[in-house]
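Undergrad: Requesting a structural model of the entry that follows:
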Amino acid sequence: MSTPETSRFVRLRVELVLEVDDADAVTKAALRRVADDSGMQADERAHAENAVAEDTAEALAHLVDPFDLVSEVPGVELAQASWSSEPIDYDPDSPEWDLDEDDDDVDDDEEVGVG
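TA: Numbering: from 1, shown residues only. The predicted structure is shown next:
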C-alpha cells in the first residue's frame, strides 16, 4: 500500500561502539582491503595506507561497509551511505551512554515513518 505521502526511502541510524583488542590485526586487515581495491588510484591508495597505518579508527572505517549490513535484506537497495569512526572514551556504566537517550523526544512511530 503506497501513497504519495509515503516515501520509499528510510533512514536507518546505527551507532556502534567497538572495543579493539588487537589494533595490529585491524590495521593489517585494513591494509589488505586497501591493497585489494583494484579501483583505487595510486595516490589515493598511498593516502589510505598512511591513514590506516596511523589510526585504528581509520582502519575500521575501511573495514566496515554499510552495504554489507543490508546487502542480503530482500526488497531493499542501498541508495546512499556515509559513516565515520573516531576514538572515544567509553564507560558502559555512565548514563551518558544510554542507548535510548536520543529517542526520548521522538515517538517511535514517527521515527520509522509509520502512522
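
Undergrad: now the helix or strand that D24 is a member of: mean pLDDT?
TA: Using DSSP states H and E, D24 sits within helix 23-36. For helix 23-36, the mean pLDDT works out to 97.

Undergrad: got the CA coordinates for it in CSV?
TA: What follows is helix 23-36 as a C-alpha-only set of coordinates in CSV (Å, rounded to 0.1, in the frame of the first residue of the first chain):
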residue,chain,number,x,y,z
ALA,A,23,44.8,-2.9,16.8
ASP,A,24,47.5,-4.6,14.8
ALA,A,25,45.1,-7.2,13.4
VAL,A,26,42.7,-4.4,12.5
THR,A,27,45.4,-2.4,10.8
LYS,A,28,46.7,-5.4,8.8
ALA,A,29,43.2,-6.3,7.7
ALA,A,30,42.5,-2.7,6.5
LEU,A,31,45.8,-2.6,4.7
ARG,A,32,44.9,-5.8,2.9
ARG,A,33,41.5,-4.3,2.0
VAL,A,34,43.2,-1.2,0.6
ALA,A,35,45.7,-3.3,-1.4
ASP,A,36,42.9,-5.4,-2.8
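
Undergrad: Could you identify the helix or strand that succeeds it?
TA: Immediately after helix 23-36, counting by DSSP H and E, sits helix 42-54.

Undergrad: picking up where we left off before, what are the buried residues along the helix holding D24?
TA: Neighbour counts over helix 23-36 (16 or more other Cβ atoms under 10 Å) mark V26, T27, A29, A30, L31, V34 as buried. Every residue, glycine included, has its C-beta placed from N, CA and C.

Undergrad: Turn the residues you listed into CSV, including distance to V76.
TA: Formatted as CSV, the buried residues of helix 23-36 follow (distance: Cβ to Cβ, whole Å):
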residue, distance to V76
V26, 29
T27, 32
A29, 27
A30, 27
L31, 31
V34, 28
